[in-house]
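# give me a model of this one.
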Amino acid sequence: MAQSSEEPLEFREYVLGKESELRFEVETNETVVLHITNGKAEIYGAELLQTIEYKFEAGSKIAVFTWHGCKLKIAGKTEGEYVSKDTPMVMYVNTHAVLEQMRNAAEENGSRGPKVMICGPTDSGKTTLCRILLNYALRVGQRPTFVDLDVGQGTVSIPGTLGAVVPEKPLDPVGAFINENPVVYHFGHVSPEANAKYYDHNISLLATVFHLRCSKSRRADIGGLFINTCGFVKGVGYNSLLHAAKEFQVDVVVVLEQERLYNELKKALPKIKVVLLPKSGGVVERSSAYRKESRDKRVHEYFFGYQNALNPHRLEVSFEEIEIFKVGAPVLSNSCLPFDAEPEEYEKKLVPVKVGPELVNKLLAVNHAECEMDIIETNLAGFVVVQEVDLEMETLSLLSPKPYPLPNSYLLMGDLAFMVQQ
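Numbers count the residues shown, from 1 in each chain. Next up is the predicted model:
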């Protein structure tokens, strides 16, 4: 995180008043360095230290908030750099306070801590609020579980996955969201609509993992849960919200921005506390191109690390060493179905994938399953990218975070591709 440069940086100084924040976005191909010189401030609930100069990469959208006022300086090119007192942070910290009261009550009476699902349309600040509430809980010594159902961006792992993790300390204000031994399940698409049954199936698997952890750890049970959801809040997306609320036994739903969704969920979930909160004024709408770029960046960081700190490996594997599948076959009409088969079974059906040149640049998930029938029930070991296919030698060249051999022979393919660029 510390900035090192031979050329002196030209800093701009800001004095922030009580309960205000500095917002900025880092320009393309630029970096911004930030240093707190006096007082205290935080980024998404993570406290900043005066002893560190924080470095933010291109595309980063940052809000530096202070409760009591501070002085800071920044250097580098930004877009939309301004100070605002129009912030919902007071409401967010009040939400944390209520959740902490629920955790304290759970510890005293032997019940479970709050299980919170955060919902809202695309670009309403769901991930940001999750991060804030997680950091506040971690800062007071709690150990909540974080579940990410947003397959479009992927914060626990990479896009196209659903995952859960238990962070041990407040999240770093710079760099990736979380990477501490997550449990990750393959989906392979960036929208639940691509295969709603398979998406909901993975939600159920994650819920089972969460409940098992709570049954074995009282601290986890008290710490509760935060669920980050997709921005698809209509049709199958809305149905998946209801499914997640049921499977995780959610008792608090926070809706950002959209009153219609708030009222729909309040009616559909009468036994659950549903709360409407505003989104931050710093939340901006992201274009499709920006989302694609963000997905590529997440995958790049998986293999090469933040700021290219890692060196992935190139593996040569034979066709015989691996079996590649995709999940989901075309749904047949009832007249074409085998006896006693249901149409939805085809949405979770494993379909073998033939190895060929069309696999180049495909992102493949390495499954932990011990046999083929367990593949869609089993979490992932990691990911590889196909770089070359040699039909004559019957070998694949794979980019992998670890050296040969692969941890398993079962690989899963989805829609995602990634062209390696260092």
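# double-check that Asn94 belongs to a helix.
Yes: counting by DSSP: H, G, I helix; E, B strand; the rest coil, Asn94 falls inside a helix.
# residues near it, how many?
Using other C-beta atoms under 10 Å, Asn94 has 12 other residues around it. Heads up, the C-betas are built off the backbone N, CA and C, glycines and all.
# what's the answer for Ser111, then?
When neighbours are counted by other C-beta under 10 Å, Ser111 comes out with 11.
# what ranges does the protein have for its helices?
Assigned by DSSP state H, the chain shows helices spanning 89-109, 126-139, 196-216, 218-223, 236-247, 259-268, 288-304.
# what does the fourth one contact?
By C-beta atoms under 8 Å, 6 or more residues apart in numbering, the list of residues contacting helix 218-223 from outside reads 103, 106-107, 112-113, 137, 142-145, 166, 213-215.
# weed out the non-buried ones from the residues you listed.
Buried members of these, scored by 16 or more other C-beta atoms under 10 Å, are 103, 106, 112-113, 137, 142-145, 166, 213-214.
# which of these lies closest to His35?
Nearest to His35 out of these is Ala137 (C-beta to C-beta; 27.2 Å).
# who touches the closest residue to the closest one other than its chain neighbours in this structure?
Among residues not flanking Ala137 along the chain, Pro144 sits closest, at 5.1 Å (C-beta to C-beta, 6 or more residues apart in numbering). Pro144 makes contacts with 113, 134, 137-138, 166, 223-226, as judged by C-beta under 8 Å, 6+ apart.
# same question, Glu358
Contacts for Glu358 were tallied using C-beta under 8 Å, 6+ apart; there are none.
# from Gln387, how far out is it?
Applying C-beta to C-beta, to the nearest Å, the value for Glu358 to Gln387 is 14 Å.
# next, format the helices of the chain as a markdown table and append mean pLDDT.
Supplementary listing: these in a markdown table, determined by pLDDT from 0 to 100:
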| stretch | mean pLDDT |
| --- | --- |
| helix 89-109 | 97 |
| helix 126-139 | 95 |
| helix 196-216 | 97 |
| helix 218-223 | 96 |
| helix 236-247 | 97 |
| helix 259-268 | 97 |
| helix 288-304 | 89 |
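# just the ones you listed: most buried one?
Stretch with highest mean neighbour count among the helices of the chain: helix 126-139 (a mean of 23; mean count of other C-beta atoms under 10 Å).
# how does this protein divide into domains?
12-87, 89-277, 311-417 (automatic domain parsing).
# wait, which of the ones you listed is closest to Phe303?
domain 311-417 (4.5 Å).
# just the terminal-to-terminal distance for that closest one.
Taking C-alpha to C-alpha, to the nearest Å, domain 311-417 runs 20 Å from one end to the other.
# for that domain, give the mean pLDDT please.
For domain 311-417, mean pLDDT is 91.
# for Leu411, which of the helices of the chain is the nearest?
Smallest distance to Leu411 across the helices of the chain (C-beta to C-beta): 15.8 Å, for helix 288-304.
# which residues touch the closest one?
Contacts of helix 288-304 (C-beta under 8 Å, 6+ apart): 59, 152-154, 157-159, 176, 190, 286, 310-312, 363, 383, 385, 399, 401, 416, 418, 420-422.
# tell me which residues form a beta bridge with Val384?
Counting by DSSP bridges, Val384 is bridged to Leu364.
# next, count neighbours for it.
With other C-beta under 10 Å as criterion, Val384 counts 25.
# may I see the contacts of Pro144 arranged in CSV, with distance to Glu79 as well?
CSV is the format used below for the contacts of Pro144 (distance: C-beta to C-beta, whole Å):
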residue, distance to Glu79
Gly113, 40
Leu134, 27
Ala137, 32
Leu138, 31
Val166, 35
Gly223, 37
Gly224, 37
Leu225, 35
Phe226, 30
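# hmm, Glu27 is touching Glu57, no?
No: applying C-beta atoms under 8 Å, one finds Glu27 not in contact with Glu57, separated by 10.6 Å.
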